[in-house]
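> Sequence and predicted structure are below.
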Amino acid sequence: MVSTDPATDVDPRKFITEKGAALNYGQLRGLVAKFQNVPGVIGLHGGLPPPDAFPMLSLDIKLRDGSTVTVGENDLVQGQLQYGIHPSGLPSLRDWATRHVADLHGAPRPTTTIIVGGASQGLSALFSMLFDPGDSMVVEELSYPQVSECLAAPDRINLVPIATNDGGMCPLALTKGLEGIRKSGTQPFPKLLYTVPTAQNPTGTNTGLERRKEIYEVCRAYDLLILEDDPYYYLQFPHGSGDVPGLRGLPRAASYLSLDVDGRVLRLDSASKFLAPGLRLAWLTCHPRLAEVAACAVQTQTLGACGVAQAMAAALLSSWGEAGLHDHLSHVQRIYAERAQAMHAAAQRHLEGLARWSLPRAGMFLWMTILGVEDASQLTAALVEAKVVVAPGRIFHARSGLPGTAVPCVRLAFSFETPENIEEAVARLAQALRLHRDQKS
Ligand SMILES: Cc1ncc(COP(=O)(O)O)c(C=O)c1O
């Protein structure tokens, strides 16, 4: 293994593609940004709609607790409804996110945080600047299909799947995989490792701090970026009884970002799972140069995350303060804990001897191994007959399209349905498994 000790800053130029380096805000946007709202200047240069043509004036957000948060006319009409919000994000939300990330993850070296239109836009922006067709990236063997199918596959990015166990990606398997590629020279050496460290999607695995340290060291040794996609960070809850962490009890200084002595981690946090996915809001924290290029990519894609959504989130977070966010997260975590427990209990009642699983401690999904099947897609007919839909494990496999890839697991979402529907769904799943068994014999 090649050692890179002591810490050296990554060279962003090594990772940003030619296309990424060529991304820019455009001259016209530069002109608009420079002179927008400068007192005394009459601007005839930009294509801005007149604010008095906007039909909306202000925003009253009615909350479930009966209170109202208002985004005033001045902010909304003069700012967030208009073109020209900085592509790095609405300053008030961006300041909040910067402080928030520093507080929870405290990166040991300078980073920049930018607002993006959901983690999905962050991923898309990063792919557009870091990968050329034919490049390679490392993924967990079973991983988030939006990345493997929708981003990597169309750009012909080679996936290097690495085995995982209950503790997350296996560092030894990672080293062996990278060493194999280095020796064989048959494909471009991976530039980046993509990982979902909390409640990994689909397996629900939490990668512990010691494991993260080991993975980080391997990535240093082979000079890989680490893309830490952590949308389930806020959805952590205790195993069984015990109080939920809220904000104050969430693990601090335990992310890849907090281990990042040389600027190789790109961390994505998302508001989707703790505010609402329809806001399309997330924040990316990374090396300042990588953030600068990512902001250009966001600008190219959408001119920035939605201004109204950012205004709503900023107003809400500011009115809550830390105490309000703690209470809100606690509330959300209790809902998820209750539903996870409901699914676990229903599975104990109906699936004993048919499947194996463990009680989730974060996220939205229970990962279940079905006993006696080679691949869970074989269950489709029986599931349709029992009127229950689950996600077959194979669709998450990095090699899902290749013959011979079999995954005897299913991903069950406990997040959306009520405990009563969860009970019924699990009973139907049991019925389908028995049906399938009978049909086979
Ligand atoms: C691992 C992972 N990353 C990203 C996302 C999408 O997040 P966002 O709604 O912020 O785009 C999801 C949502 O399911 C996810 O599971």
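Yep, that arrived.

> Just the mean pLDDT for stretch 36-55, thanks.
The predicted model gives stretch 36-55 an average pLDDT of 90.

> now the helices for this protein?
Listed in chain order, the helices of the chain (DSSP state H) span 12-15, 18-22, 27-35, 73-75, 91-105, 118-130, 145, 171-184, 209-221, 288-302, 307-350, 380-386, 419-440.

> Lowest average pLDDT across those?
Note on the helices of the chain: lowest mean pLDDT is at helix 27-35, with a mean of 85.

> hmm, who's touching that helix?
Contacting residues not belonging to helix 27-35 are listed as 25, 41, 43, 45-46, 48, 83-84, 86, 299 [C-beta atoms under 8 Å, 6 or more residues apart in numbering]. Every C-beta, even on glycine, is put in place using the N, C-alpha and C of the backbone.

> mind listing which of the residues you listed are in strands?
Counting by DSSP state E, no part of those is found in strands.

> picking up where we left off before, quick one: which of the helices of the chain is nearest the ligand?
With C-beta to the nearest ligand atom as the criterion, the ligand lies closest to helix 118-130 of the helices of the chain, at 3.0 Å.

> Next, the angle helix 307-350 makes with that closest one.
Helix 118-130 and helix 307-350 are oriented at 110 degrees to each other (axes from the mean of the first three to the mean of the last three C-alpha atoms, to 10 degrees).

> near the ligand at all, helix 118-130?
Yes - Helix 118-130 is in contact with the ligand by C-beta under 6 Å from any ligand atom, via 118-120.

> and the chain, which residues reach the ligand?
Residues of the chain lying near the ligand (C-beta under 6 Å from any ligand atom): 118-120, 144, 196, 201, 229, 231, 270, 272, 277, 282.

> how about a cut-off of 8 Å?
117-123, 144, 146-147, 196, 200-201, 229, 231-232, 268, 270-273, 277, 280-282, 364 (C-beta under 8 Å from any ligand atom).

> quick one on the thing from earlier: among the residues of helix 118-130 next to the ligand, name the buried ones.
Buried subset of the residues of helix 118-130 next to the ligand (neighbour count, 16 or more other C-beta atoms under 10 Å): 118-120.

> L366 touches L412, doesn't it?
Yes - the pair L366 / L412 is scored as a contact, 4.7 Å apart, by C-beta atoms under 8 Å.

> how many neighbours does P419 have?
Neighbour count for P419, taken as other C-beta atoms under 10 Å: 15.

> In this structure it contacts E338, no?
Yes - assessed by C-beta under 8 Å, P419 is found in contact with E338 at 6.8 Å.

> Can you tell me which of the helices of the chain is most buried?
For these, the largest average neighbour count (mean count of other C-beta atoms under 10 Å) is found in helix 118-130, namely a mean of 24.

> Which other helices and strands does it contact?
Helices and strands touching helix 118-130, by 3 or more C-beta pairs under 8 Å, 6 or more residues apart in numbering; DSSP states H and E, are helix 18-22, strand 225-229, strand 265-270, strand 282-286, helix 288-302.

> residues in contact with Y194?
Taking C-beta under 8 Å, 6+ apart, one finds 137-140, 143, 147, 227, 229 in contact with Y194.

> pLDDT score for it?
According to the prediction, Y194 has pLDDT 98.

> For it, give the beta-bridge partners.
L227 (DSSP bridges).

> quick one, what contacts K387?
R428.

> From the ligand, how far out is it?
24 Å (C-beta to the nearest ligand atom, to the nearest Å).

> Quick check: the farthest pair among the contacts of helix 27-35?
Farthest-apart pair in the contacts of helix 27-35 is V41 and Q299; separation 22.6 Å (C-beta to C-beta).

> Can you give me the neighbour number for E374?
Counted with other C-beta under 10 Å, the neighbours of E374 add up to 10.

> Who are the contact partners of the nearest residue to it once chain neighbours are set aside?
In space, and not counting its chain neighbours, E374 is closest to A406: 4.9 Å by C-beta to C-beta, 6 or more residues apart in numbering. Listed by C-beta under 8 Å, 6+ apart, the contact partners of A406 are 374-375, 394.

> Could you report the distance from A406 to the ligand?
Look at A406 and the ligand: by C-beta to the nearest ligand atom, they are 23 Å apart.

> Repeat that for L151.
11 Å.

> Also L192?
Applying C-beta to the nearest ligand atom, the value for L192 to the ligand is 15 Å.

> Counting neighbours, what do you get for the closest residue to that residue other than its chain neighbours?
Of all residues not flanking L192 in the chain, L225 sits nearest, at 4.2 Å (C-beta to C-beta, 6+ apart). Number of residues near L225 (other C-beta under 10 Å) recorded here: 25.

> so L225 sits right up against D262, yeah?
No - assessed by C-beta under 8 Å, L225 is found out of contact with D262, at 10.6 Å.
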